[in-house]
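Chemist: Provided below are the primary sequence and the corresponding predicted coordinates.
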Number of protein chains: 2
Amino acid sequence: MINLQSLYKISYGLYIVSSGDKSKGNGFIANTVFQVTAEPPNFAVCCNKNNYTSEFIKKTGAFAFSALARSASPEIFGKFGYRSGKDLDKMAGTTVTYENTGVPIVLDECVAYFECKLVQTFDAGTHLIFIGELLNSHIIDDASEPLTYSYYRNVKKGIVPKNAPTYIDKARIEAELEVRNSKKFRCMVCGYIYDESVEPVKFKDLPDNWICPVCGSEKSEFEELQ
Amino acid sequence: MINLQSLYKISYGLYIVSSGDKSKGNGFIANTVFQVTAEPPNFAVCCNKNNYTSEFIKKTGAFAFSALARSASPEIFGKFGYRSGKDLDKMAGTTVTYENTGVPIVLDECVAYFECKLVQTFDAGTHLIFIGELLNSHIIDDASEPLTYSYYRNVKKGIVPKNAPTYIDKARIEAELEVRNSKKFRCMVCGYIYDESVEPVKFKDLPDNWICPVCGSEKSEFEELQ
């Protein structure tokens, strides 16, 4: 028997994993970043096979990851956590640096960054485990705490995107949503509620390019609250 | 350039990883435990090739991990973090349960446990990455917080054992030790100081089977402070 609540006892940080080059780069938010060996200092990053960034990692043989700050905004989760780089140039408007390998390294809202040369790739089913040797790392903001998954979930009330390796307790999320009895639509990224009773337009009548006024997520990222 | 301090911005939990059977089991403390896929719910555990527990995992095709509580004692770190099961039966005196696979699962000072069937093993150089499918998991103590590596290091002042995958900043540890100017011996496990100026016996004259009065670590786990 698997107790789904027990999975919340496993601790993770949250990172923007990035790859590509100056002409085109991409990044996504991951919780599974960890050191696997000390000599050499090699790190593993777990990435869904459908993830657009994984194509860049394979092509360039390099990746970076930046540890998000506890204060990270809904906007950065909206951009890197819930949208595909296939439809959006995520590096546009993002502060990045290019160093040893030429991959874009995200500096916005992060406390430290790490740049790795890809040395091994393991196939773990739906996900790939990329192993990279650390070439370069720096602290961006030593005064801020790194964001943990626990803080993101409990304090920021964030929800896990569908490609994440973390097991999603859909039943639990649905039960939480059912508690609310009025007909409303909730942004899955930042939690913003579009409440038809106080808005001039029904949610379904909003244009397709309407975006969340708080975090900029697309209309498709909203769920109707029953 | 690698900034060693940046490595402390990566978040981990702390776990007792265990394997074996009722006649003989073993366990060790790991920080690299993480979910790699959601369907099926597979977890990765990183283990030094010299680690005694890795032999049991390979032999039994199963392992468990228990998430340590924030209140975990120096004694449990002494037993599972700094001693080899080759010399000590770690399961003696430990509260364990045997469930789906027959491996010992540690309950002491932990908040939740997870039992996995080994499905893949990846060779990452000095360490192996074991991938296990989660069969069984339970919460032991829902009122306590899980221990994080950051809390262990910053609040408990713990030091990483030599087999850990985490990159050890030896220079930094030595610099911290050099700050202390009297001739003393420090337990690397719990930080207890054996101060010759207030003890009746010189440290070198203590018997070989002398153990740390706080955590029970062996004499060899002490370092002389210069």
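Modeler: The structure has been received and is ready for your questions. Being a predicted model, the structure only gives us computed values, none of them experimental.
Chemist: Which element is encountered next along the chain beyond the helix or strand of chain A with the lowest mean pLDDT?
Modeler: The helix or strand of chain A with the lowest confidence, counting by mean pLDDT, DSSP states H and E, is helix A:170-178 at a mean of 46. Following helix A:170-178 in sequence order, the next helix or strand is strand A:184-187 (DSSP states H and E).
Chemist: if we look at that next one, which residues are touching it?
Modeler: Defining contact as Cβ atoms under 8 Å, 6 or more residues apart in numbering or on different chains, one finds that strand A:184-187 is touched by A:177, A:192-196, A:203, A:212, A:214-215, A:217, A:221-225. Glycine gets a C-beta too; all of them are placed from N, C-alpha and C.
Chemist: at 6 Å what do you get?
Modeler: Contacts of strand A:184-187 with the rest of the structure, by Cβ atoms under 6 Å, 6 or more residues apart in numbering or on different chains, involve A:I193, A:Y194, A:D195, A:F203, A:C212, A:S217, A:F222, A:E223, A:E224, A:L225.
Chemist: Can you give me the buried ones in the very next helix or strand once past it?
Modeler: Per DSSP H and E, the first helix or strand lying C-terminal to strand A:184-187 is strand A:193-195. Using 16 or more other Cβ atoms under 10 Å in any protein chain shown as the test for burial, strand A:193-195 gives A:Y194.
Chemist: Quick one: mean pLDDT for strand A:193-195?
Modeler: In this model, strand A:193-195 has an average pLDDT of 85.
Chemist: by contact count, what packs against the very next helix or strand once past that strand?
Modeler: Downstream of strand A:193-195, the next assigned helix or strand under DSSP H and E is strand A:222-225. With contacts taken as 3 or more Cβ pairs under 6 Å, 6 or more residues apart in numbering or on different chains; DSSP states H and E, strand A:222-225 sits against strand A:184-187.
Chemist: Using CSV, write out every CA atom in the strand it packs on.
Modeler: What follows is strand A:184-187 as a C-alpha-only set of coordinates in CSV (Å, rounded to 0.1, in the frame of the first residue of the first chain):
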residue,chain,number,x,y,z
LYS,A,184,-15.0,29.9,-10.3
PHE,A,185,-11.8,29.2,-12.4
ARG,A,186,-8.5,28.9,-10.8
CYS,A,187,-5.0,29.4,-12.3
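Chemist: Parallel or antiparallel, which strands does it pair with?
Modeler: Sheet pairing of strand A:184-187 (DSSP bridges) gives strand A:193-195 (antiparallel), strand A:222-225 (antiparallel).
Chemist: Backbone torsions only: list them for A:K22.
Modeler: Note on A:K22: backbone dihedrals following degrees, to the nearest 10 are phi -60, psi -30.
Chemist: What of A:F56?
Modeler: Torsion angles at A:F56 (phi, psi; degrees, to the nearest 10) stand at phi -70, psi -40.
Chemist: Tell me how many other residues surround it.
Modeler: A count of neighbours around A:F56, defined by other Cβ atoms under 10 Å in any protein chain shown, yields 22.
Chemist: Find the residue closest to the residue most central in space within chain A in space, skipping its chain neighbours.
Modeler: With distances taken as Cα atoms, centre = their mean, the residue of chain A nearest its centroid is A:I29 (2.2 Å). In space, not counting the residues next to it along the chain, A:I29 is nearest to A:G81; the distance is 4.0 Å by Cβ to Cβ, 6 or more residues apart in numbering or on different chains.
Chemist: Check A:I129 too.
Modeler: In space, A:I129 is closest to A:F122, 4.2 Å off (Cβ to Cβ, 6+ apart).
Chemist: do the same with A:L134
Modeler: Distances taken as Cβ to Cβ, 6+ apart place A:P41 nearest to A:L134, at 4.4 Å, with adjacent residues excluded.
Chemist: Test my guess that that neighbour contacts A:E133.
Modeler: No - look at A:P41 against A:E133 with Cβ atoms under 6 Å: they stay out of range, at 7.0 Å.
Chemist: higher neighbour count, these two?
Modeler: Taking other Cβ under 10 Å, A:P41 and A:E133 do not tie; A:P41 has more neighbours (21 against 17).
Chemist: any idea how far the residue located most distally from the centre of chain A lies from chain B?
Modeler: Most distant residue from the mean C-alpha position of chain A: A:P200, 32.6 Å away (Cα atoms, centre = their mean). A:P200 sits 40 Å away from chain B, going by Cβ to the nearest Cβ, to the nearest Å.
Chemist: residue ranges of the strands in chain A, please?
Modeler: For chain A, the strands defined by DSSP state E cover A:15-20, A:25-30, A:33-37, A:42-48, A:62-68, A:96-98, A:104-106, A:110-123, A:127-139, A:184-187, A:193-195, A:222-225.
Chemist: strands paired with the fifth one, and their directions?
Modeler: In the sheet containing strand A:62-68, the strands it pairs with under DSSP bridges are strand A:15-20 (antiparallel), strand A:110-123 (antiparallel).
Chemist: Let me have those in JSON lines, extended by mean neighbour count and mean pLDDT.
Modeler: Compiled in JSON lines, those are given as follows (neighbours: other Cβ atoms under 10 Å in any protein chain shown; pLDDT from 0 to 100):
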{"stretch": "strand A:15-20", "mean neighbour count": "29", "mean pLDDT": "97"}
{"stretch": "strand A:110-123", "mean neighbour count": "21", "mean pLDDT": "97"}
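Chemist: Turn the ones you listed into CSV, columns for distance to A:G102.
Modeler: As requested, those are exported to CSV (distance: least, Cβ to Cβ, whole Å):
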stretch, distance to A:G102
strand A:15-20, 9
strand A:110-123, 10
